[in-house]
Every structure is written in C-alpha cells, then in structure tokens.
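>>> prediction below, plus the sequence it came from.
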Amino acid sequence: MLEQPFLTDLDTRAQVKGSIDPLGAMAIWSRIGRRVVGNLSTVSNSVKDFKTLVTGFALIEDVRRKAGDTEDIDEIGVFLRWEELAAYVRAYFNNDKEFRGTTRVQRQLSEGTTVPVSIERDCQILANQKSYGIWGLFTVPARTCGLIEAEANVLTEPARSLVDVTWRQKIGPTWPILVGLVERDDRRLSLDRFADTLRRVRPIWLKTDAAERAFWKRHLIDGGPSDSTSGRQAILAGLFRDSLNDPDFAFSPRSLRDLAAKAKGRDEQLSENLLAIAASESVLAPAAALFGFVLSRDGQRLDVVARNVSRNWPASLPSVARDRLEGLQPEFSVARDSQVEARLWLAIADSLSAGRYREAIVQLLELNKLVTIRRGGAPWVADDSGTLRVRFRDETSTLPAGGEVKNLWRHSYFLDSLRAVVQQLEARDGQ
C-alpha cells in the first residue's frame, strides 16, 4: 500500500478501474478473448481517438520533414501537444466531452479561451499524458490494426492515404498552420485568435463519409490487414449489430451462449470460442466477487465468512461450466505458465459449482499466494489459524446477491471495445 496519499487530480476517464489482478485472471481472459478480438485493447474503444492518433502521426511526419533530416524532433512532444489541441477543439468548438482529459480541459476553458498547448507537466490534460493518453493507450492497438508500421513510428500507407485524402486536402492551407501550432510549446495559445484554423479541423471528429467508414471498418472492426482471428472478429461484429438497439443488452455468460448459438451456423470455431469465454467467466467472475468480499472481512473467522456466503448464495452454482472448463485447462496453464494454477482454477470451479464456499475461499487464498509470490510480493490475505488477516483491504466490496451470481460479468475479453466501435460506426452521424 502507498505510504503517502496519491493526490494528483486524475481525469475520471484515465483512472485504472478494478483490481490489480490478485488472482492472475487477466492473462487467462486476455488469451481466451484474443481468439475472437485480435486488435483492440480494453481501452482502445473510441473511433474518434483513433482519428486523433493517425492525424497526430501525420503531423509528426510533417514536423520531421519541416525540420529536415539533420535535426532530431521530439516525436512524443509533438503528439502530446496535438492531443491537447485536439481536446480543446473538441471541447470548445464541438461541445464534445467524451475524451481523456475532459476534466482538466473543461476547467481550463472555464478560466478563458487562452490555453496551454505544452508538454510541461502543469499543462498536460492528464496526470501522465504520455502513459494514460492516446499515445500510451492506442499506439500498440494501432500497430495491430495496421495504422502504424510495426517497427517505426510512422503511418502505414493506407493510414497516410486516409489522412491525405480525407483531411489534409479538405483542411488545405490550414494544415501548415496546424503543423506550426504543434511543433513547439505555447503556454498561452488563443483559441479565438486561431478560430478560423481550428474550425476547419473540427470535422475530423464530426463527420465520417462512406469511404472513411469503410476504412475504419476494415482496420478496427474486421481486425486489420493481419487479422489474427481468421475473419471471426468480423463475423462477431456482425452479430453485435443485431443487439445495438437493445437497451437491455449486457455481457454475461448467458448472452455469450446466445451469441454462440447465432454464430454456430456461420462459423463453428467462433461459436466454440464464445462458449469458451462464457465458460471462463462462469468461474472467473464469481471467484473475483468472492475474493473481493474476503478482502473486506479482515479479522473475521473464515468459518463465519463462509457461512455468510452460504446464506446469501445458492446451495450450488450449476452455472459454472465445469466440463468445458476442464477442456480449457491447457489454455489456463499456458496463460499463467503454471499447471499448478490451472489445476487450482479447476478445483475452485468444482467447489463453487458444488456450493462448497469455505473450500473455495481456502483455494482462492492459495491461488492469491501463488500469484503474488511469483510477482515478488506478499499475499493480500492469509488464514491465520482460522482468522482472516487482510493486508490489502477492500472496505467497499459487497457480496453480489445470490440471483446475480450465474450471470456475473467482471472481465472484458475485449468484447466491449469491439461492440463500442461497431456502435460508433453504425451510428447515423458516424460517431
């Protein structure tokens, strides 16, 4: 735990959400999720942010060209300044608040329209803009999507063509002005002074014509030119389209089984992959919920905690897909590089499915011990002669209601990012 409080004012969209993986579940759900979504990450879920990214890399190339081959340029600095300027354009001219850094941008605009476009820490729109902004979160997915070259920070030819045809030509004489605005720091840039220029830039995030929509579909939805799912991601995206107008849609083992049934006639392997995700989450989600509850029970007797769970959860959890999980054990083993942990996950599935919650808690403590020791840390909680000693407390975690357990959904599998991108590109305004 931190010895000093962390007081930096983080934008709510930049904060890390959830636990820091005390059970080692991330490697498991990531591996299984990559069977169906090969290019997106859990946070690269915004078409507008991908637009900001490719425009920023085009500006880097022009700043580099302007400086000449003999002069090194600060590529990241150029990009961060562009990200800041793009955020101010989106907020001030487009009335858009759906971007990382919106809290600091809105606060700055409340004080006036002269804003800092600078890489100095006090000017950045996030506490650590390089790590938590578009550069840090979107660059790797962009390479996988075929937007940035694998070995260099330059656009691929299709992405460069998109920028040239869709934006650079339309922006026209404004583009060189834009290059000048991002090549060096300006702690007092007047949005009003450059209003004509910046208004020409605002359509980047407002309009998506048919050709651009086809580009983003190919690179984001279909998996890009090196799609690792053999076309299954595109089929899955098509299945998502059927649910876009359903306000009650939510990811759950049940909804994944429904998607698997729909996929069966189109791609048998996709159907099996979706069933594997449903099975994986049938144990990972209740295990995470139960372990979270244990973290709030410091100093309590293990037997008392187990009885509390038994009173609130069903006598058994037939929703845990025990048989399919046995077939997934090799995947768990490879993901964690540990046959011991894989067998322990299967034992946890057995205990949960049978309603042996005390046994499941003991197994979760052992799993947490194995995971944290491998990282060079200490277990978050230990059994001290029948009493729980919690080292990493979670006072806010509550036990889900018994009726909710069978459809608990705690992990991404990258599905929500794909569905979000599909939804944005299917929207009437292209956003």
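Happy to help now that I have it.

>>> how much distance is there from the host helix or strand of Glu84 to the middle of the chain?
Using DSSP states H and E, Glu84 maps to helix 75-92. Its chain's C-alpha centre and that of helix 75-92 lie 21 Å apart, by CA atoms, centre = their mean, to the nearest Å.

>>> can you check stretch 211-227 too?
19 Å.

>>> with stretch 176-190 instead?
31 Å.

>>> flag every buried residue along stretch 347-361.
347-357, 359-361 (16 or more other CB atoms under 10 Å). Yep, even glycine has a C-beta here, placed from its N, CA and C like the rest.

>>> what does it rub up against?
For stretch 347-361, contacts defined as CB atoms under 8 Å, 6 or more residues apart in numbering pick out 282-283, 286-287, 290, 294, 302-303, 305-306, 309-310, 313-318, 320-322, 325, 363-364, 367.

>>> the same query, at a cut-off of 7 Å, please.
Applying CB atoms under 7 Å, 6 or more residues apart in numbering, the external contacts of stretch 347-361 come out as 283, 286-287, 290, 294, 302-303, 305-306, 309-310, 313-318, 320, 322, 325, 363-364.

>>> now do the end-to-end distance for it.
Using CA to CA, to the nearest Å, the end-to-end distance of stretch 347-361 comes to 11 Å.

>>> pLDDT of that stretch, averaged?
Averaged over stretch 347-361, pLDDT sits at 98.

>>> next: stretch 135-143.
97.

>>> what ranges does the stretch 301-431 of the chain have for its strands?
Using DSSP state E, counting those that start in this stretch, the strands found in the stretch 301-431 of the chain span residues 381-384, 387-390.

>>> Trp216: which of these is closest?
Comparison of the strands of the stretch 301-431 of the chain against Trp216 by CB to CB identifies strand 381-384 as nearest, at 44.9 Å.

>>> which elements pack onto the closest one?
helix 357-374, strand 387-390 (3 or more CB pairs under 7 Å, 6 or more residues apart in numbering; DSSP states H and E).

>>> which sections of this protein are below the confidence cut-off?
Residues of the chain that meet the criterion pLDDT under 70 lie in 1-19, 69-70, 395-396, 428-431.

>>> got the domain boundaries for it?
Per the record, the chain has its domains at 19-38+231-431, 47-223, by automatic domain parsing.

>>> distance between the shortest one and the chain's centre?
Its chain's C-alpha centre and that of domain 47-223 lie 20 Å apart, by CA atoms, centre = their mean.

>>> measure it end to end?
14 Å.

>>> OK, contacts around Ala406?
Let me fix one detail, which is that residue 406 is Lys and not Ala. 317, 319.

>>> repeat that for 8 Å
253-254, 317, 319 are the contacts of Lys406 under CB under 8 Å, 6+ apart.

>>> quick one: Glu268 from Leu275, how far?
11 Å (CB to CB, to the nearest Å).

>>> ok, these two, which is more surrounded?
Neighbours were counted for Glu268 and for Leu275 using other CB atoms under 10 Å; Leu275 has more, 21 against 10.

>>> so is the residue nearest to that one when sequence neighbours are not counted in a helix, a strand, or just coil?
Sequence neighbours aside, Ala260 is the residue nearest to Leu275 in space, at 4.8 Å (criterion: CB to CB, 6 or more residues apart in numbering). Here Ala260 is recorded as helix under DSSP: H, G, I helix; E, B strand; the rest coil.

>>> what residues are up against Ala260?
Counting by CB under 8 Å, 6+ apart, Ala260 has contacts 270-272, 274-275, 278.

>>> give me the outermost residue of this structure relative to its centroid.
Ser385 (39.9 Å; CA atoms, centre = their mean).

>>> helices of the stretch 1-150 of the chain, residue ranges please.
25-33, 47-67, 75-92, 102-110, 129-132, 134-145 (DSSP state H, counting those that start in this stretch).

>>> ok, which of those comes nearest Glu212?
Closest of the helices of the stretch 1-150 of the chain to Glu212 is helix 47-67, at 8.8 Å (criterion: CB to CB).

>>> from the contact counts, what lies against the closest one?
With contacts defined as 3 or more CB pairs under 8 Å, 6 or more residues apart in numbering; DSSP states H and E, the packing partners of helix 47-67 are helix 75-92, helix 134-145, helix 157-162, helix 174-182, helix 415-426.

>>> show me the contacts of stretch 347-361 that map onto helices.
283, 286-287, 290, 294, 302-303, 305-306, 309-310, 322, 325, 363-364 (DSSP state H).
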